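**Q** Here is a sequence with its predicted model. Questions after.
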Amino acid sequence: LTLFHHSLPVWVGEAGGWTNEAVVREFGSFVRDVAAGLGESVDYWLTMNEPMAFALFTYIEGTWPQAFPQSNYLEVVLKALQGDERSVKAAVDNLAGAHNLAYSHIHQVHTLRGWRAPQVGMAARAQILEGKDPWDGPAVMLSREFMDFTITDKIQDRLDFLGLNYYGKE
């Protein structure tokens, strides 16, 4: 069962989406309720599908709903590198925190109810990125940083499995 697959309620987006730390607690409450209601029937839980892709396309490129649109390439790069609360780094930290909280809640609900041990993981995106010309180099490097497994380092102690979506070469 996948708990987050790239869609947020409008009110969450208006509050800053995953850049807002309060969303972590809201997601945790949602997960606890879903685990209590459906957990006995679920063997494998995906807390999130491709959170790094969501962070890239929403908070760096600004192309997905509830994005912070960027006006030019330089602004995209600067947004990726800065550390303010609306940056992609804040979103990635909050996504990791939300996964860790969800992992704890799911395991706790299963234990308290006497259900079989759940398997809780996340799906990551994997693809080979190459530029078409030398000017694409910085964009490819930046994309690789956010498309690879940056988030798994933050959640590795709370990961029973890792799903992998492989898209080939782009």
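**A** Here it is on my side, so go on. This structure is a prediction, so every number in the text was calculated from the model and none was measured.
**Q** Could you check the pLDDT of the most centrally placed residue in the chain?
**A** Taking Cα atoms, centre = their mean, the centroid of the chain lies closest to residue 51, which sits 2.2 Å from it. If you check residue 51, the pLDDT there is 92.
**Q** which ones are touching the spatially closest residue to it that is not a sequence neighbour?
**A** Excluding the flanking residues, the one nearest residue 51 by Cβ to Cβ, 6 or more residues apart in numbering is residue 95, at 4.3 Å. Any C-beta I mention is one placed from the backbone N, CA and C, and that applies to glycine too. Counting by Cβ atoms under 8 Å, 6 or more residues apart in numbering, residue 95 touches 18, 48, 51, 54, 55, 151.
**Q** so where does the fifth one fall, helix or strand?
**A** Looking back up the chat, that one is residue 55. With elements taken from DSSP states H and E, the one containing residue 55 is helix 51-55.
**Q** and that helix, what does it pack onto?
**A** helix 88-113, strand 119-128, helix 137-147, helix 150-155 (3 or more Cβ pairs under 8 Å, 6 or more residues apart in numbering; DSSP states H and E).
**Q** next helix or strand past the shortest one?
**A** Counting by DSSP H and E, the element after helix 150-155 in chain order, helix or strand, is strand 161-169.
**Q** Just the CA trace of that following strand, in PDB.
**A** Output of strand 161-169 as PDB, limited to C-alpha atoms (Å, rounded to 0.1, in the frame of the first residue of the first chain):
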ATOM      1  CA  PHE A 161      13.000  -2.900   1.900                       C
ATOM      2  CA  LEU A 162      13.600  -0.500  -0.900                       C
ATOM      3  CA  GLY A 163      11.400  -0.600  -4.100                       C
ATOM      4  CA  LEU A 164      13.100   0.500  -7.300                       C
ATOM      5  CA  ASN A 165      11.400   2.100 -10.300                       C
ATOM      6  CA  TYR A 166      13.800   2.000 -13.200                       C
ATOM      7  CA  TYR A 167      13.100   4.200 -16.200                       C
ATOM      8  CA  GLY A 168      16.100   3.600 -18.400                       C
ATOM      9  CA  LYS A 169      18.300   6.200 -20.000                       C
END
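**Q** helices or strands up against that strand?
**A** Using 3+ Cβ pairs under 8 Å, 6+ apart: strand 161-169 touches strand 44-49, strand 119-128.
**Q** Spit out the contact partners of the nearest residue to residue 165 once chain neighbours are set aside.
**A** Spatial nearest neighbour of residue 165, excluding adjacent residues (Cβ to Cβ, 6+ apart): residue 125 at 5.2 Å. The contact partners of residue 125, by Cβ under 8 Å, 6+ apart, come to 50, 52, 53, 147, 165, 167.
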